[in-house]
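A.B. asks: For reference, the sequence and a predicted model appear below.
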Amino acid sequence: MDNKKITRILFVCLGNICRSPAAEAMMRQLVERSGMAANIDIDSAGTYGGHSGERSDPRMRRAAAARGIEMTHLARQVREEDFERFDMVIAMDDNNYEALFRLAPDRAAQSKIFRFREFLTNHPEWSYIPDPYYEGHEGFELVLDLLEDGCATLLERLR
């Protein structure tokens with residue numbers, strides 16, 4: 001990867017308190033371990049702004065911490081300028097993908113939107129990252145398993 005080129009990635013879910021901040025934290029850790037931290041900028045946001053300014057869901061923080069991943073992000077809503085700032089805007093599911101498509105200011109911005117499922121290599125049976133908010137502990141673990149798979153694939157593609 002070109003040492004001067006910075007790739008900017010925005011992970012997006014609904015409220016930005018479970019899936020997308022976990023993807024952000026996991027990807028950040030993978031990028032740092034790979035020595036590519038100077039080349040990749042990572043953030044997350046939600047299509048819904050009702051949790052803006054809040055920390056991630058404590059259940060997700062606990063599940064991530066058990067895997068050695070620290071989540072420090074404060075929730076925020078996607079803004080139009082995100083489509084200018086980021087090279088990739090990655091939606092956790094089809095509802096958020098469609099919401100992002102509607103929010104994008106033009107076709108160039110729409111071309112930056114991806115579905116997270118495009119990066120799943122070890123879990124082809126999943127066409128989206130399920131929202132664990134109304135699930136038990138197993139739901140958070142499943143999401144982290146899926147994110148681990150997709151983030152590793154994404155990082156490999158960026159090399």
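C.D. replies: Great, that's in hand.

A.B. asks: Look at D43 and give its secondary structure.
C.D. replies: Per DSSP: H, G, I helix; E, B strand; the rest coil, the secondary structure class of D43 is strand.

A.B. asks: For it, give me the pLDDT.
C.D. replies: If you check D43, the pLDDT there is 98.

A.B. asks: Kindly report the same for L154.
C.D. replies: Value for L154, per-residue pLDDT: 98.

A.B. asks: For this protein, just list every one of the strands.
C.D. replies: Remark: strands of the chain, listed N- to C-terminal, are 7-13, 40-46, 88-91, 113-115; assignment by DSSP state E.

A.B. asks: Could you dump the ones you listed into a markdown table with mean neighbour count and distance to A64 added?
C.D. replies: Every residue, glycine included, has its C-beta placed from N, CA and C. As requested, the strands of the chain are exported to a markdown table (neighbours: other Cβ atoms under 10 Å; distance: least, Cβ to Cβ, whole Å):
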| stretch | mean neighbour count | distance to A64 |
| --- | --- | --- |
| strand 7-13 | 25 | 14 |
| strand 40-46 | 23 | 13 |
| strand 88-91 | 25 | 18 |
| strand 113-115 | 19 | 22 |
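
A.B. asks: mind putting the ones you listed in TSV, distance to P58 included?
C.D. replies: Written out in TSV, the entries for these read as follows (distance: least, Cβ to Cβ, whole Å):
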stretch	distance to P58
strand 7-13	16
strand 40-46	17
strand 88-91	24
strand 113-115	28
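
A.B. asks: show me the residues around S127 that make contact.
C.D. replies: Neighbouring residues of S127 by Cβ atoms under 8 Å, 6 or more residues apart in numbering: 94, 117.

A.B. asks: I am finished for the moment; much appreciated.
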